[in-house]
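> pasted the sequence and its predicted model underneath.
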Amino acid sequence: MNDTLSGPIIIGVAAWLTYLVAFAGCRSAAWRKILPDHPNHRSSHIRATSKAGGVAIIVAWAIGMIVVGVFLDPPEYLRSASGLAVLTMIALVLGLADDARQFSPAVKFAGQIAIAALFIWFFAPLQAIPAPFADPILLWPVAGAALSIIWIVGFMNTYNFMDGVNGIAAGCTGVGMTIFAILCALSGALLPAAAAMLLTVACYGFLPMNFKRGRLFMGDNGSQAISFMIAALAVYTANTTANNVNILVIPIIFMPFLLDVTWTLAHRLLRGQNILAAHREHNYQLLLRLGRSHERVATYYMVGTFFCACAAGVMLATPPEYQWIFPAAISAIFMVMATQIYRKANVADLLARVELKGDRPDSDMQPAE
């Protein structure tokens, strides 16, 4: 078969298989209530709901990756595909253990660092980063390893914080990784394109059970594994494409998540709040408390992710020394929007006051995926 055609055909077959496995697995988990999440005072759901959606997503994605690794040329793809799949499965196990035992933040953080270190050992640390108004900076291995770990662990926690509205995590992942797959394919990076597209279709297999119905949650198992894979793929793609699809692409695509978390932590810190305490002050949570529905809030973020992903594509056509203009511009736009949300929340008295000793902190809406 013509090599030009064989790659897309193999990826297409793997994507179809991935979608079928994910959809069937999610449907089964929802109806059987596998790994149930029982409602409590922090929950916005009223009945026991399975949080095994992440298992179905990642298992389906891993099966698709093995198919791609076995049949896609060159043969070296099998090692990379298998490595990404195994490491992502380890992240899935960490999330499952957290779902079952509710790890302390320190234990969870240590596990995330260990998985990030395994990725660096198996593949390589980040090798270069774009610099404002200058050529890309080549990184020493130690600096590259440190930045890789900070990025992977930071994104894993950011994604987990944002997985609090039906459809927001899987929907934004599907939208963002679709465009990332296209950008990788246009750069000739077939394996990253395949990994991104397979994750997209796996998330689309999950959404029918989650977006409107709320019959299935992703759980920490899903948020930990998916976020690790996305963050690791950002480093892998930057290294293997000679920075043609550089490390800024994924952060720009997911800027609605990254900026929401950064804004919220900074705002709470400036108001004297405990930034480690549970709260309901993320922008998406305030929108919910201001009367927006889960579907509308998730749609806001999906639209934002789409525009950020398009901006990432335009960025790649821009000289490297000017690429930092894009995240700076997106950040400025977000700050204007976030300021408006916080003003409305302040008028509605939704922002916590400084906590006094003995007060119970605001509860988080995390289970309301």
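That came through, no problem. Numbering: from 1, shown residues only.

> only C-alpha atoms for contact and neighbour calcs from this point on.
Will do.

> where do the strands sit along the stretch 201-350 of the chain?
Counting by DSSP state E, counting those that start in this stretch, the stretch 201-350 of the chain yields no residue ranges for strands.

> all helices for it, in order.
219-240, 249-253, 255-270, 283-289, 294-316, 325-347 (DSSP state H, counting those that start in this stretch).

> equivalent analysis for the stretch 51-200 of the chain, please.
Per DSSP H, counting those that start in this stretch, the stretch 51-200 of the chain carries helices over the ranges 53-71, 76-101, 105-122, 141-162, 168-186, 190-210.

> quick one: closest of those helices to Tyr300.
Minimum separation from Tyr300 across those (CA to CA) falls at helix 168-186, 9.0 Å.

> so which bits of that closest one are buried?
For helix 168-186, the buried set under the neighbour-count rule, 16 or more other CA atoms under 10 Å, comprises 168-185.

> same thing with stretch 204-224?
By neighbour count, and taking 16+ other CA under 10 Å as the criterion, the buried residues in stretch 204-224 are 204-211, 214-224.

> could you do stretch 332-342 as well?
Of the residues in stretch 332-342, those scored as buried under the neighbour-count criterion (16+ other CA under 10 Å) are 334, 338, 341-342.

> one step back: now render the helices of the stretch 201-350 of the chain as a markdown table, adding distance to Gly64.
Compiled in a markdown table, the helices of the stretch 201-350 of the chain are given as follows (distance: least, CA to CA, whole Å):
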| stretch | distance to Gly64 |
| --- | --- |
| helix 219-240 | 14 |
| helix 249-253 | 22 |
| helix 255-270 | 27 |
| helix 283-289 | 32 |
| helix 294-316 | 24 |
| helix 325-347 | 32 |
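
> who wins for proximity to Gly95 among these?
With CA to CA as the measure, helix 219-240 is the member of these nearest Gly95 (3.6 Å).

> how far off centre is that closest one?
Taking the mean of its C-alpha atoms, helix 219-240 sits 7 Å from the chain's own mean (CA atoms, centre = their mean, to the nearest Å).

> so, low pLDDT: which residues of the stretch 51-200 of the chain?
Within the stretch 51-200 of the chain, no range satisfies pLDDT under 70.

> and stretch 322-342, how far out from the chain middle?
Between the mean C-alpha position of stretch 322-342 and that of its chain there is a distance of 20 Å (CA atoms, centre = their mean).

> which residues does that stretch contact?
Where contact means CA atoms under 8 Å, 6 or more residues apart in numbering, the residues beyond stretch 322-342 that reach it are 130-133, 252, 255-256, 259, 263, 283, 286-287, 308, 311-312, 315-316.

> send the alpha carbons of it over as PDB?
Provided in PDB are the C-alpha atoms of stretch 322-342 (Å, rounded to 0.1, in the frame of the first residue of the first chain):
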ATOM      1  CA  TYR A 322       7.400  36.500  18.300                       C
ATOM      2  CA  GLN A 323       5.400  33.400  19.400                       C
ATOM      3  CA  TRP A 324       5.200  34.500  23.000                       C
ATOM      4  CA  ILE A 325       2.900  37.300  21.900                       C
ATOM      5  CA  PHE A 326       0.100  34.700  21.600                       C
ATOM      6  CA  PRO A 327       0.000  33.500  25.200                       C
ATOM      7  CA  ALA A 328       0.400  37.100  26.400                       C
ATOM      8  CA  ALA A 329      -2.600  38.300  24.300                       C
ATOM      9  CA  ILE A 330      -4.800  35.400  25.400                       C
ATOM     10  CA  SER A 331      -3.900  36.100  29.000                       C
ATOM     11  CA  ALA A 332      -4.900  39.700  28.700                       C
ATOM     12  CA  ILE A 333      -8.300  38.700  27.100                       C
ATOM     13  CA  PHE A 334      -8.900  36.200  29.900                       C
ATOM     14  CA  MET A 335      -8.100  38.700  32.600                       C
ATOM     15  CA  VAL A 336     -10.700  41.100  31.300                       C
ATOM     16  CA  MET A 337     -13.300  38.300  31.200                       C
ATOM     17  CA  ALA A 338     -12.300  36.900  34.600                       C
ATOM     18  CA  THR A 339     -12.500  40.400  36.100                       C
ATOM     19  CA  GLN A 340     -16.100  40.700  35.000                       C
ATOM     20  CA  ILE A 341     -17.000  37.300  36.500                       C
ATOM     21  CA  TYR A 342     -15.400  38.200  39.800                       C
END
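
> how about the residue nearest the centre of the chain: what's its closest non-neighbour residue?
In the chain, the C-alpha nearest the mean C-alpha coordinate belongs to Ser227, at 3.9 Å (CA atoms, centre = their mean). Nearest residue to Ser227 in three dimensions, chain neighbours excluded: Met156, at 5.0 Å (CA to CA, 6 or more residues apart in numbering).

> and if you look at Ala189?
Skipping the residues right next to it in sequence, Ala189 comes nearest to Thr241 by CA to CA, 6+ apart, at 6.7 Å.

> for the helix ranked longest in the chain, buried residues please.
With DSSP state H setting the assignment, residue counts place helix 3-32 as the longest helix in the chain. For helix 3-32, a neighbour-count test (16+ other CA under 10 Å) marks 7, 10-12, 14-15, 17-19, 21-30 as buried.
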